[in-house]
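Chemist: quick one, what's the 3D model for this:
(one chain, ligands or ions: 1)
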Amino acid sequence: MNSRRNFIKKTTALALGTIAASAVVNNTLAATDFIERETFLDEGLKFNLPKLPYEYDALEPHIDKMTMEIHHSKHHQTYVDNLNKSLATLPADMLKNIASLDDIFALVEKLPPAVRNNAGGHKNHSMFWTLMKPHGGGIPTDKLAVAINASFGSFEEFKKQFADAAMKRFGSGWAWCVVNNGKLTIGSTANQDNPSMNLSTLEIKGTPVLTLDVWEHAYYLKNQNRRADYINSFWNVVNWETANNLFISAK
Ligand code: MN3
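Modeler: Purely as a prediction, here's the structure:
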């Protein structure tokens, strides 16, 4: 177990170094940038809050500074803290099978709801930050653009269906575009569920390519109850390079 953990720790550190270097060179985010930031301490597995890949005010005027700051430094931090707390309560024979968020997602039906909710919260937000960027938006490019046209007929139709999924999610949840064998589909999940969780109850399954947080905490300070305005703002900050990288790496 110790050697396995040490191996993973070293691998994670190596990946972090590579990502930091490439991010500086490219000034763009690869699909693998929304890393889990897991570390292994003597007392067990710990996750850490990833640094936001831009300043809190960088998405202004579309997404405001205060929303970004509270969303990242308070909401996301709380999911990370509560994930670590909930993992610490697991019995050793369960914990020995967990070395990553992917392991948690695979075993999620056997784990307590607190692990499911907070692991989802950590993964979903980590991904969401890298799917936005200052001066983002525009239109998808490269292989993702081809797949969007093949799956939906046009980018306009894709946007319409994604916005519809985001609007119709009752209460708190996430809108998603996922890929399965090259085919894109759109839907939503409740709470912090992720379409790559091994859960029989999910309404959409697959590898995420694009997501939008539609919890009220994501937009209430600026948009109050107007979720449609927030969805419109999102199109101005989408990081299509990250979405394309997620699509390519999922195949
Ligand atoms: Mn959120």
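Chemist: tell me how many other residues surround the residue in the stretch 51-200 of the chain positioned nearest to the ion.
Modeler: Going by C-beta to the ion, the ion is nearest to residue 75 of the stretch 51-200 of the chain, at 5.1 Å. Backbone N, C-alpha and C define where each C-beta goes, glycine included. Burial of residue 75 is recorded as 15 neighbouring residues (other C-beta atoms under 10 Å).
Chemist: how about the strands in the stretch 101-250 of the chain?
Modeler: 173-180, 183-190, 207-213 (DSSP state E, counting those that start in this stretch).
Chemist: so what's whatever residue of the chain ends up closest to the ion bridging to?
Modeler: With C-beta to the ion, the shortest gap between the chain and the ion falls at residue 213, namely 4.2 Å. Taking DSSP bridges as the rule, residue 213 bridges to residue 174.
Chemist: was I right to think it contacts residue 124?
Modeler: Yes. Counting by C-beta atoms under 8 Å, residue 213 touches residue 124, with 7.0 Å between them.
Chemist: what's the overlap in contacts for the two?
Modeler: Common contact partners of residue 213 and residue 124 (C-beta atoms under 8 Å, 6 or more residues apart in numbering): residue 174.
Chemist: mind giving me the domain split of the chain?
Modeler: 2-127, 142-250 (automatic domain parsing).
Chemist: related to what we said a few turns ago, distance of the residue of the chain closest to the ion from residue 152?
Modeler: Note on residue 213: its distance to residue 152, by C-beta to C-beta, to the nearest Å, is 22 Å.
Chemist: do the same with residue 188
Modeler: 16 Å.
Chemist: repeat for residue 115
Modeler: To residue 152, residue 115 is 35 Å away according to C-beta to C-beta.
Chemist: okay, those two: which has more neighbours?
Modeler: A direct count of neighbours by other C-beta under 10 Å for residue 115 and residue 152 places residue 115 higher, at 22 against 19.
Chemist: tell me which residues touch the more buried one, please.
Modeler: 83, 86, 87, 90, 104, 108.
Chemist: what about 10 Å?
Modeler: Contacts for residue 115 were tallied using C-beta atoms under 10 Å, 6 or more residues apart in numbering; they are 82, 83, 85, 86, 87, 89, 90, 94, 98, 104, 107, 108.
Chemist: could I get those in a markdown table, plus columns for pLDDT and distance to residue 165?
Modeler: Output for the contacts of residue 115, formatted as a markdown table (pLDDT from 0 to 100; distance: C-beta to C-beta, whole Å):
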| residue | pLDDT | distance to residue 165 |
| --- | --- | --- |
| 82 | 98 | 27 |
| 83 | 96 | 26 |
| 85 | 95 | 32 |
| 86 | 96 | 29 |
| 87 | 94 | 31 |
| 89 | 92 | 34 |
| 90 | 93 | 33 |
| 94 | 91 | 34 |
| 98 | 92 | 31 |
| 104 | 96 | 25 |
| 107 | 97 | 27 |
| 108 | 97 | 22 |
